[in-house]
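Enquirer: have a look; sequence and predicted model below, questions after that.
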Amino acid sequence: MTEDELNVAECLDRVRKGDEESVRALMQHLHPLVMKIVRSHRPRRLEEEDLAQMIYTKVFTRLEQYEGKVPFTHWVSRVAVNTCLSAIKAEASRPEWRFADLGEEEQVVVENLAATTDELDAAHQAGSSELVTKLMETLSPEDRLVLQALHLEGRSVAEIQQMTGWSGALVKVRAFRARHKLRKALKKLLAERSP
Amino acid sequence: MKNEQDQLDRLLRSAAEARRNAPAADDSTVPWTLEQRVLASIRRVAPAAEPGWLLPVIRGAFASASVIVVASAALYFTQPAGQQSDSAAQIPANEMAFADIPVSQMFVSTP
């Protein structure tokens, strides 16, 4: 549903007056966007629905802060991203993974990366996805967000700017530093594997 | 260094591919439980709505009280000093005796 179909402005007016039907309609409109962000940037220990509830509550109780300068969905994206970042920070868990801590599939992926220069085949995709998730957990929430959006979701720098409110230069610098940290973490795993 | 970057790039590409191939979740409808939880949390956080007529009534009551206070003060200070009905200045000499009058009358009147 696009903003025109729902008429977000009218709906927002009704929400401000306390109309719960409009809250439901707006939630329905925002749900795919919110859940996409939740799935990408959820801390491990928090359930998707709990995080989504935190986001919706923030959106609907802080509506007076929305000035209408940007599309409503952009504003909601920022609220959602910031809520996810806060939740990840609150978890305060930045584990340091060792080769021995990895699952069997992840260990095979590491072995493969060391052994060949070919692309990893489809059979290793699940392992590589889990390995990347683990490596990303060693990064700060902001670094994690940038790398995930750039490399896993295929978003552009402009899209990340829109989503986070950061400048283009900041996004690029964060991505560069985050890649460096991730490379270092992977290098450590590669060095730890049995020869 | 180049080799390490290449390894990371291959890993990221594979993880991105896995993500693309993952079955898409159905987010077309908001789960009922989530909807109810959100509505409940909004009701909890939002201040209780006041009826529209309450504010003018409160304002009117405050204004009336102010007028009464000012008028009383004006009346008190405009009276000549001798005529001020200051109850504090008219405390009877024997306060307890004065208070006992109704009690003693009650005893007198009982047969």
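Expert: Sure thing, it's come through.

Enquirer: from the chain's centroid, how far away is stretch A:127-135?
Expert: 15 Å (C-alpha atoms, centre = their mean, to the nearest Å).

Enquirer: in that stretch, which residues are buried?
Expert: Buried residues in stretch A:127-135, counting neighbours by 16 or more other C-beta atoms under 10 Å in any protein chain shown, are found at A:127-132, A:134-135. Where C-beta positions appear, they are placed from N, C-alpha and C, glycine not excepted.

Enquirer: can I get stretch A:32-46 in PDB? Just the C-alpha atoms.
Expert: Once non-C-alpha atoms are left out, stretch A:32-46 reads as follows in PDB (Å, rounded to 0.1, in the frame of the first residue of the first chain):
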ATOM      1  CA  PRO A  32       6.300  -4.800   6.000                       C
ATOM      2  CA  LEU A  33       8.800  -2.000   6.400                       C
ATOM      3  CA  VAL A  34       9.100  -2.400  10.200                       C
ATOM      4  CA  MET A  35       9.500  -6.200  10.000                       C
ATOM      5  CA  LYS A  36      12.200  -5.900   7.300                       C
ATOM      6  CA  ILE A  37      14.200  -3.700   9.600                       C
ATOM      7  CA  VAL A  38      13.500  -5.800  12.600                       C
ATOM      8  CA  ARG A  39      14.700  -9.000  10.900                       C
ATOM      9  CA  SER A  40      17.900  -7.400   9.700                       C
ATOM     10  CA  HIS A  41      18.900  -5.700  12.900                       C
ATOM     11  CA  ARG A  42      17.500  -7.700  15.800                       C
ATOM     12  CA  PRO A  43      19.600  -8.600  18.800                       C
ATOM     13  CA  ARG A  44      19.800 -12.300  19.300                       C
ATOM     14  CA  ARG A  45      18.000 -12.400  22.700                       C
ATOM     15  CA  LEU A  46      15.000 -10.300  21.700                       C
END
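
Enquirer: show me the shaky parts of the chain.
Expert: In the absence of a named chain, this looks at chain A. Counting by pLDDT under 70, chain A shows low-confidence ranges at A:1-5, A:194-195.

Enquirer: you answered for a different chain; I wanted chain B.
Expert: For chain B, the stretches with pLDDT under 70 are B:1, B:46-52, B:80-100, B:103-104, B:107-111.

Enquirer: and the longest helix for it?
Expert: Taking DSSP state H as the criterion, chain B has its longest helix at helix B:54-78.

Enquirer: before we move on, the earlier item: keep only the buried residues of stretch A:127-135 that also lie close to chain B.
Expert: With the criterion set as C-beta under 8 Å from any C-beta of the partner chain, the members of the buried residues of stretch A:127-135 near chain B are A:128-129, A:131-132.

Enquirer: in a markdown table: those, plus distance to residue B:2.
Expert: Listed next are these as a markdown table, based on distance: C-beta to C-beta, whole Å:
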| residue | distance to residue B:2 |
| --- | --- |
| A:128 | 20 |
| A:129 | 24 |
| A:131 | 21 |
| A:132 | 20 |
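
Enquirer: not counting its neighbours along the chain, what's nearest the residue most central in space within chain A?
Expert: Compute the mean C-alpha point of chain A, and by C-alpha atoms, centre = their mean the closest residue is residue A:41, 2.9 Å away. Closest residue in space to residue A:41, ignoring its immediate chain neighbours: residue A:84 at 3.7 Å, by C-beta to C-beta, 6 or more residues apart in numbering or on different chains.

Enquirer: report the contact partners of that neighbour.
Expert: Contact partners of residue A:84, counting by C-beta atoms under 8 Å, 6 or more residues apart in numbering or on different chains, are A:37-38, A:41-43, A:51, A:55, A:141, A:145.

Enquirer: against chain B, how distant is it?
Expert: Applying C-beta to the nearest C-beta, to the nearest Å, the value for residue A:84 to chain B is 16 Å.

Enquirer: now swap in residue A:148 and tell me
Expert: Computed with C-beta to the nearest C-beta, the distance linking residue A:148 and chain B is 9 Å.
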